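>>> Sequence below, structure please.
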Amino acid sequence: MPTPNWQCILAPTDRSAFSEKAVEYARALAKTFGAELHVLRVIDDAEKAASEYPVTGVLDSSEPQDDYHRWLGELVGDTGDVRRIEVVQVGADVPAAILRYVEHNHIDLVVMATHGRTGFTHLLMGSVAEQVVRGAACAVLTLRPEALK
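I've put the predicted structure just below:
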């Protein structure tokens with residue numbers, strides 16, 4: 001069996017506990033494979049995005065940090081062992097935004113959590129993970145909530 005050659009790993013997040021665990025998993029894979037880690041958040045409200053996220057995505061450990069930078073630093077680490085790119089996009093269609101990001105950034109692997117919805121809720125809301133799995137031209141690793149505890 002050939003060894004995967006993952007150079008760019010994407011971890012989409014909605015900042016839920018499940019997606020944070022998936023980002024941690026993606027970070028471990030990026031460290032193991034020497035890959036670049038992309039952390040993507042898609043927000044449907046431009047004003048919310050502007051209020052939650054600073055203009056710059058640079059983490060400077062010598063400067064005081066806001067809650068977001070502390071969260072990101074804790075989640076993906078500040079040790080410099082993984083090259084990471086943080087992206088926030090504004091858009092209502094989350095799966096389409098993720099798939100565009102995959103295509104435009106030559107992502108080799110997407111690591112994402114599912115929310116474990118089934119039945120009627122799944123029918124009404126659909127699944128971002130399912131749409132990404134169906135549409136991505138790269139490998140997609142989905143992690144169910146019970147596997148992330």
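
>>> what sits opposite the spatially closest residue to residue 25 that is not a sequence neighbour in the beta ladder?
Take residue 25 and drop its neighbours on the chain: the residue closest to it by Cβ to Cβ, 6 or more residues apart in numbering is residue 111, 5.8 Å away. Backbone N, C-alpha and C define where each C-beta goes, glycine included. In this entry, residue 111 is beta-bridged to residue 141, by DSSP bridges.

>>> Could you do residue 12 as well?
residue 40.

>>> Show me the strands in the protein, by range?
For the chain, strands defined by DSSP state E occupy the ranges 8-12, 36-43, 84-90, 109-113, 139-143.

>>> and the angle from the longest helix seen in the chain to strand 36-43?
Secondary structure of the chain per DSSP state H: the longest helix is helix 17-33. Relative orientation of helix 17-33 and strand 36-43, computed by axes from the mean of the first three to the mean of the last three Cα atoms, to 10 degrees: 160 degrees.

>>> Quick check: the closest residue in space to residue 29 that isn't next to it in sequence vs residue 105, distance?
Closest residue to residue 29 apart from its sequence neighbours, by Cβ to Cβ, 6+ apart: residue 9 at 5.9 Å. According to Cβ to Cβ, to the nearest Å, residue 9 and residue 105 sit 11 Å apart.

>>> Between these two, which is the more surrounded one?
Neighbour totals were compared for residue 9 and residue 105, and residue 9 leads with 26 against 15 (other Cβ atoms under 10 Å).

>>> if I pick the closest residue to residue 87 other than its chain neighbours, what's in contact with it?
Distances taken as Cβ to Cβ, 6+ apart put residue 40 closest to residue 87, at 4.9 Å, once the chain neighbours are dropped. Residue 40 makes contact with 10, 11, 12, 13, 87, 88, 89, 97, 98, 101, according to Cβ atoms under 8 Å, 6 or more residues apart in numbering.
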